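In: Dropping the sequence and predicted coords here.
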Amino acid sequence: MIRRAIASREMILLGAIVLLLGVIYTRFPGFVAPNNLIRVFNDTSPLILLAIGQMIVILTRCIDLSVAANLALTGMVVAMLNAAMPDLPIIAIVILAMGLGALLGMVNGVLVWKLQIPPIVVTLGTMTIFRGLIFVLSEGRWVNSHQMSAAFKAFPRSTVLGLPMLSWFAILAVILFTVIMSRTTLGRAVYAVGGNPHAATYTGLDVGRTQFWAFTISGALAGLTGYLWVSRYAVAYVDIAGGFELDVVAACVIGGISIAGGVGTVAGALLGALFLGVIKNALPVVNVSPFWQMAISGAAIIIAVAFNARANRTRGRIILKRAEHAT
Amino acid sequence: MSTTRTIPDRLQSPLQRNLKSWETLLLLVAVGIFILNSFASPYFLDPWNLSDATFNFTEKAMIAFAMALLIISGEIDLSVASIIALASTAMGFAVQMGFGTPALVMVGLGVGLVCGAFNGVLVTRFGLPSIVVTIGTMSLFRGISYIVLGDQAFRGYPIDFAFFGQGYVWWIISFELALFGVLAVIFGVLLHKTNFGRAVYAIGNNPVAAAFSGIRVARVKFILFLLTGLMSGVAAICLTSRLGSTRPSIAMGWELEIVTMVVLGGVSILGGAGTIPGVVLAAFIMGLVTFGLGLLNVPGIVMSIVIGALLISVIALPRLWEKWKTR
């Protein structure tokens, strides 16, 4: 019964996406061709990566509004590094990007853990600080395509088994975090801390430290996405991914992740991101001005949160029951 | 090790306990920045320059007053800047229809009220978390502006409409500055001298206890959302009048500056504590900092680092101090 309840929420969202694709099919059949769907998935991959990180943070009753700024700062750093040292291997750049992103996430995490500053205040602050740092670092200049090495730019586009590397990163993250969230102590701790912090404390979990690791993971994913973003679009400047943090939160909310913490799945984050991705890619195809996108995603957030509101209360208990059985 | 950390329902912030000294501290900071600025630039002490500097914060502060009440009651409204955009767009539309200044003012205030009511209904009737609702309406309201305007702009506001943003009441006292003063007094009295204000504090500290002691929690919160919408409408009138044109990107990112202003003013982001004099001082501080750095040719984005660091450090420093004292 529990399994069915959990499946149903994601199934409804999946149904909504299929319905959406069906409607688009009637206007423009080419959109649902496999090749185009792969393209849409690839285009949505950065959002998926960030949404997974954001989901973990939201599960612990926090929020990370600095992800887009983290992405942009890390992207700028690796782009400048590549311009200065074109011979640095890509694997080193990927590791560096994740490391730097994780470090920036840890800044958020420490402030929340050690000083108990509300996460929304911390990440609002670091969001503006990170953006400002990009400007200071780059002196407002852009890193353009010709300054980047060919390997740097080619990596996210290189195809493996018919899919671009960018998509593979999203798929890998989905699999990896599905396992982490359901099969490891960290994943369980995240649900426990978000579901009931009092109870989590009594069972010996350090709430602050769990939140710290959530921010670190979110930061690492943002850093990784920073490299992928900059190399994919072959440009780095101060304002890349401006306002993207709201899309990320939107994807989570649409995916049924409760802002009150403790409720949500990786599959939900994935589907929430895909829902927004399909809308974004479909608007120009069905001849609706792209200016509609903002209002539509806003309406989608409100409808999704209203739709999830009642289910959340019961689901919070169900998750806790699962955790109890397991321990 | 101090890993045993209990999670109280509401963190008692050090700010709360030192509330009296918080305003004193803000005052000292404001005076310090004032003196620093007058040494840093010879142009600072010119009365007209100082008068111009007030435009940096008056419109934001008008919203910050209402936002302070809302945050004290334990809610938040991130859609305020988008309400400005929508109200401004509606006024621009009314100009195209040939309406005069009085009608424009009514349109601006009306749109603000309707948007506030929309947020209020979603939060109080449907019991949805305000942070998610207003992230949604933030996209929705500005999204509607983008649908109406696209990449166009509304211009051609009547000449007498310019008074709200460009007019002067007496010598260097602009209409906006005078309105800011009047609103500060009104909100100060409302929060600190009336039953309504007392109810706001009670709700922020413990909504359940407030409800049991006969306070109509939902109604008070609804009124606060209305008030925040209304003040956004007022700010929209001033800003539109000052700029003389409307683009959908108007007042982009203001919600963060307004929340920063409120938190800097000593309002607890967790609700239940804060004062209007604190917000007034915070408004002056932010205005002085941006103006002073502007005179020194510091780019706006670098200023945002200062604002972000200010936001985090004003909360972090008292907590570090507490930790250091108890050691």
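Out: Everything's here; your move.

In: residue ranges with poor pLDDT in chain A?
Out: In the predicted model, chain A carries pLDDT under 70 at residues A:1-8, A:310-327.

In: what does the stretch 201-327 of chain B put close to chain A?
Out: Residues of the stretch 201-327 of chain B found near chain A (Cβ under 8 Å from any Cβ of the partner chain) are B:248, B:256, B:259-260, B:263, B:269-270, B:299, B:301-305, B:307-309, B:311-312, B:315-316, B:319-320. C-beta: built from backbone N, CA, C; applies to glycine.

In: Of the residues you listed, select the buried ones using a PyMOL command.
Out: The PyMOL selection below is limited to those of those classed as buried (16 or more other Cβ atoms under 10 Å in any protein chain shown):
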select buried, chain B and resi 248+256+259+260+263+269+270+301+303+304+305+307+308+309+311+312+315+316+319
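
In: and the stretch 51-200 of chain B, which of its residues are near chain A?
Out: Within the stretch 51-200 of chain B, the positions adjacent to chain A are B:76, B:122, B:126-129, B:131-133, B:135-144, B:146-147, B:150 by Cβ under 8 Å from any Cβ.

In: Please enumerate residues in contact with stretch B:90-97?
Out: B:103-104, B:107-108, B:110-111, B:148-149, B:153-158, B:236-237, B:240, B:245-246 (Cβ atoms under 8 Å, 6 or more residues apart in numbering or on different chains).

In: Return the set of buried residues in that stretch.
Out: For stretch B:90-97, burial by neighbour count (16+ other Cβ under 10 Å) applies to B:90-92, B:94-95.

In: Filter the contacts of stretch B:90-97 down to the buried ones.
Out: Using 16+ other Cβ under 10 Å as the burial test, the contacts of stretch B:90-97 include B:104, B:107-108, B:110-111, B:148-149, B:154, B:157, B:236-237, B:240, B:246 as buried.

In: Relative to the whole chain's centre, how far out is the host helix or strand of B:Val279?
Out: Under the criterion of DSSP states H and E, B:Val279 resides in helix B:276-295. How far helix B:276-295 lies from its chain's middle: 12 Å, per Cα atoms, centre = their mean, to the nearest Å.

In: Please save the CA atoms from it in PDB.
Out: Taking Å, rounded to 0.1, in the frame of the first residue of the first chain, the C-alpha atoms of helix B:276-295 are listed here in PDB:
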ATOM      1  CA  ILE B 276       9.800  49.500  12.400                       C
ATOM      2  CA  PRO B 277      12.500  51.900  13.700                       C
ATOM      3  CA  GLY B 278      15.000  49.100  13.000                       C
ATOM      4  CA  VAL B 279      13.800  48.800   9.400                       C
ATOM      5  CA  VAL B 280      13.900  52.600   8.900                       C
ATOM      6  CA  LEU B 281      17.600  52.600  10.100                       C
ATOM      7  CA  ALA B 282      18.400  49.600   7.900                       C
ATOM      8  CA  ALA B 283      16.900  51.500   4.900                       C
ATOM      9  CA  PHE B 284      19.100  54.500   5.600                       C
ATOM     10  CA  ILE B 285      22.200  52.200   6.000                       C
ATOM     11  CA  MET B 286      21.600  50.400   2.700                       C
ATOM     12  CA  GLY B 287      20.900  53.700   0.900                       C
ATOM     13  CA  LEU B 288      24.100  55.300   2.400                       C
ATOM     14  CA  VAL B 289      26.200  52.300   1.500                       C
ATOM     15  CA  THR B 290      25.100  52.100  -2.100                       C
ATOM     16  CA  PHE B 291      25.300  55.800  -2.500                       C
ATOM     17  CA  GLY B 292      28.700  56.100  -0.900                       C
ATOM     18  CA  LEU B 293      30.200  53.200  -2.900                       C
ATOM     19  CA  GLY B 294      28.500  54.700  -6.000                       C
ATOM     20  CA  LEU B 295      30.400  58.000  -5.400                       C
END
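
In: Buried residues of that helix, list them for me.
Out: So, applying 16+ other Cβ under 10 Å, buried residues of helix B:276-295: B:276-293, B:295.

In: before we move on, back to that, which one of the buried ones among the contacts of stretch B:90-97 sits closest to A:Phe152?
Out: A:Phe152 lies nearest to B:Leu149 out of those, by Cβ to Cβ, at 38.3 Å.

In: Isn't that closest one up against B:Ser249?
Out: No: the criterion here is Cβ atoms under 8 Å, and B:Leu149 misses it with B:Ser249 at 9.4 Å.

In: Check which helix or strand residue 48 maps to.
Out: All of this is about chain A. helix A:34-59.

In: wait, chain B
Out: Short version, using DSSP H and E: B:Trp48 is in helix B:47-54.

In: Report the contact partners of the closest residue in space to B:Leu256 that isn't next to it in sequence.
Out: Spatially, and ignoring its direct neighbours in sequence, B:Leu256 is nearest to A:Leu124 (5.6 Å; Cβ to Cβ, 6 or more residues apart in numbering or on different chains). By Cβ under 8 Å, 6+ apart, the residues touching A:Leu124 are A:65, B:256, B:259-260, B:308, B:311.

In: Quick check: of the residues you listed, which lies closest to A:Phe135?
Out: B:Gly308 (12.5 Å).

In: quick one: contacts for the closest one?
Out: B:Gly308 makes contact with A:124-129, A:132, B:260, according to Cβ under 8 Å, 6+ apart.

In: One more: A:Pro284?
Out: With Cβ under 8 Å, 6+ apart, A:Pro284 has these contacts: A:Pro290.

In: Doesn't it belong to a helix?
Out: Yes: judged by DSSP: H, G, I helix; E, B strand; the rest coil, A:Pro284 forms part of a helix.

In: how close does it sit to chain B?
Out: Separation of A:Pro284 from chain B (Cβ to the nearest Cβ, to the nearest Å) stands at 14 Å.

In: Do a quick rundown of the helices in the stretch 151-300 of chain A.
Out: Using DSSP state H, counting those that start in this stretch, the helices of the stretch 151-300 of chain A run over A:165-183, A:185-195, A:197-202, A:207-233, A:244-254, A:266-285, A:292-326.

In: do the same with the stretch 101-250 of chain B
Out: B:101-120, B:130-149, B:163-166, B:175-193, B:195-205, B:207-212, B:217-243.

In: Find the nearest non-adjacent residue to A:Leu221, please.
Out: Counting by Cβ to Cβ, 6+ apart, A:Leu221 lies nearest to A:Gly53, which is 3.8 Å off, once chain neighbours are set aside.

In: Could you double-check that that neighbour sits in contact with A:Thr216?
Out: No: taking Cβ under 8 Å as the definition, A:Gly53 is not a contact partner of A:Thr216, at 9.5 Å.

In: of these two, who's got more company?
Out: The neighbour comparison of A:Gly53 against A:Thr216 (other Cβ atoms under 10 Å in any protein chain shown) goes to A:Gly53, with 31 against 23.

In: quick one: contacts for the more buried one?
Out: A:Gly53 sits next to A:64, A:67, A:217-222 when contact means Cβ under 8 Å, 6+ apart.

In: same for the helix holding B:Val279, what does it pack against?
Out: The contact analysis (3 or more Cβ pairs under 8 Å, 6 or more residues apart in numbering or on different chains; DSSP states H and E) places helix B:276-295 against helix B:19-40, helix B:47-54, helix B:58-72, helix B:175-193, helix B:254-264, helix B:300-326.

In: neighbours around residue 238, how many?
Out: This is for chain A. A:Val238, neighbours per other Cβ under 10 Å, totals 21.

In: The intended chain is chain B.
Out: With neighbours defined by other Cβ under 10 Å, the count for B:Cys238 comes to 23.

In: and if you look at A:Val263?
Out: A:Val263: 27 neighbours (other Cβ under 10 Å).

In: That one reaches A:Ile257, doesn't it?
Out: Yes: proximity of A:Val263 to A:Ile257 meets the contact threshold set by Cβ under 8 Å, at 6.7 Å.
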